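Engineer: Requesting a structural model of the entry that follows:
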Amino acid sequence: MLHLTRDTTPYLENVDLALVGDYQRLNLPGVLAVLDELRRQGFVIPEAAVREGLRNVRRLTGFRGRWTILGRQPLVVCDTGHNEAGISFITGQLARLPYRQLHFVLGVVNDKDVSKMLSLLPQDATYYFCQASIPRALPAGEVAERAAAAGLHGQAYGPVSAAVAAARAAAEPDDVVFIGVVPLWWPKSRSCKLSFRPEGGTWVSLFCWHPDSSLRSE
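Structural biologist: Numbers count the residues shown, from 1 in each chain. Reported below is the predicted structural model:
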């Protein structure tokens with residue numbers, strides 16, 4: 001459950017958010033700031049509708065790919081964090097997980113600071129390098145070479161499916177398999193998405209990026 005405050009004043013208590021991951025602390029205040037603006041413009045959006053939309057956002061929107069759990073024993077998690085900020089969130093979350101060994105499936109694109117991203121990744125993981133089926137994706141062999149220079153060791157497998165299969169086959173039940181490949185899934189909008197239904201109305205989807213620094217989630 002999340003508890004949101006505005007300038008230390010309780011704003012929305014006991015929020016059940018279907019999306020997980022540390023980044024939701026930043027995304028959710030932006031979504032709620034847009035709802036506040038819509039209300040100021042005359043839209044009637046009951047709190048119950050907001051809660052229902054947040055609770056069912058994955059089912060309503062199909063949003064996946066941000067700390068999405070694909071399996072257990074071993075725990076299999078995928079995340080499309082694709083830049084330095086995203087990788088920082090990922091490594092922070094991985095550091096809090098208990099596991100015997102981390103198996104890291106990794107694919108990157110050529111328009112990011114790959115060296116900077118690689119420098120943030122854990123050196124004690126076993127890596128499975130791959131190439132997504134998009135023009136911007138770096139070849140698995142090149143990713144492996146750059147990773148080795150950063151102290152990360154593993155093997156190049158080519159297609160994403162081959163790397164994932166190898167990681168899952170090697171993992172023990174108390175291991176973690178992390179799949180960090182761009183793109184596993186990418187929404188049409190880079191902004192936040194929330195669906196809600198006013199009482200007696202139809203579902204409405206919001207795409208927004210309007211951070212309000214006075215809103216916080218914890």
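Engineer: now for the helix or strand hosting Ile87, which elements pack on it?
Structural biologist: Per DSSP states H and E: Ile87 is located in helix 84-95. If you count contacts as 3 or more Cβ pairs under 8 Å, 6 or more residues apart in numbering; DSSP states H and E, helix 84-95 packs onto helix 114-119, strand 176-181. C-beta: built from backbone N, CA, C; applies to glycine.
Engineer: any idea which of those is most buried?
Structural biologist: Of these, the one with the most neighbours on average (mean count of other Cβ atoms under 10 Å) is strand 176-181, at a mean of 24.
Engineer: which residues touch it?
Structural biologist: 70-71, 74-81, 87, 90, 94, 97, 99, 101-107, 125, 130, 132, 160, 164, 167-168, 171 (Cβ atoms under 8 Å, 6 or more residues apart in numbering).
Engineer: what's the neighbour count on the nearest residue to Pro173 once chain neighbours are set aside?
Structural biologist: Spatially, and ignoring its direct neighbours in sequence, Pro173 is nearest to Gln73 (4.3 Å; Cβ to Cβ, 6 or more residues apart in numbering). Look at Gln73: counted by other Cβ atoms under 10 Å, it has 10 neighbours.
Engineer: Contact partners for the residue most central in space within the chain?
Structural biologist: In the chain, the residue lying closest to the centroid (Cα atoms, centre = their mean) is Arg66, at 2.1 Å. Contact analysis of Arg66 by Cβ under 8 Å, 6+ apart lists 19-21, 23, 79-81.
Engineer: quick revisit: can you add distance to Gly151 and give the helices and strands packed on helix 84-95 back as JSON lines?
Structural biologist: Shown next, in JSON lines, are the helices and strands packed on helix 84-95 (distance: least, Cβ to Cβ, whole Å):
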{"stretch": "helix 114-119", "distance to Gly151": "9"}
{"stretch": "strand 176-181", "distance to Gly151": "17"}
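Engineer: got TSV for those, with distance to Asn14 and mean pLDDT too?
Structural biologist: Below are those laid out as TSV (distance: least, Cβ to Cβ, whole Å; pLDDT from 0 to 100):
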stretch	distance to Asn14	mean pLDDT
helix 114-119	36	92
strand 176-181	29	92
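Engineer: So for Ala156, which of the ones you listed sits nearest?
Structural biologist: strand 176-181 (13.3 Å; Cβ to Cβ).
Engineer: Just checking: what are the partner strands of the closest one?
Structural biologist: With DSSP bridges as the test, strand 176-181 is paired with strand 75-78 (parallel), strand 102-107 (parallel).
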